[in-house]
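Participant: Here is my input; please provide its structure:
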Amino acid sequence: MNAVLHGKGLLDPRTGLPGRELLIDRLGHALVRAQTHGTLVTLVLVRGNATMARHLRDAMRADHTVARPDDDTIAVVAEHPYGSGAAIAQRVARIARTDTGWHTSDGGHKVHEMLLRAEDRMR
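Facilitator: Numbers count the residues shown, from 1 in each chain. As a prediction, this is how the structure comes out:
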């Protein structure tokens, strides 16, 4: 099954983590759940390589999505009941030892808005 997912570009070939397409899908579903259930979604972006991506996957909660949308970016999608998302971004920054860009939504944003806002904060 992983060979099929790698072949379609859904998984990053170096880490086995979700790639860009799977990240977009998971973020979209998380936003729908947030809007439906009255919760929040935080997207955190950080610069890093495959080793850092695997390290983040091991360090984050099992229900957080850690993805590698491109060769030098790692994304974390976290669903949570309250808060600004700052604590999640701080945890990622502490683990990765670098700055992050992040954005939190109650489900009212589109996937690409989330990505753009987090990217803008990462610069």
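
Participant: Determine the three-state secondary structure at residue 29.
Facilitator: helix (DSSP: H, G, I helix; E, B strand; the rest coil).

Participant: Quickly note the distance from residue 113 to residue 46.
Facilitator: Residue 113 sits 19 Å away from residue 46, going by Cβ to Cβ, to the nearest Å. Yep, even glycine has a C-beta here, placed from its N, CA and C like the rest.

Participant: Pick out whichever of those two has more residues nearby.
Facilitator: residue 46 (25 against 13; other Cβ atoms under 10 Å).

Participant: In which helix or strand does the more buried one reside?
Facilitator: Element membership for residue 46, per DSSP states H and E: strand 40-47.

Participant: gap between that strand and the chain center?
Facilitator: 5 Å (Cα atoms, centre = their mean, to the nearest Å).

Participant: Start at 838, not 1
Facilitator: Will do, 838 is the new start, and the previous item becomes strand 877-884.

Participant: packing partners for that strand?
Facilitator: In terms of contacts (3 or more Cβ pairs under 8 Å, 6 or more residues apart in numbering; DSSP states H and E), strand 877-884 is packed against helix 857-874, strand 910-917, helix 923-933, strand 937-942, helix 948-959.
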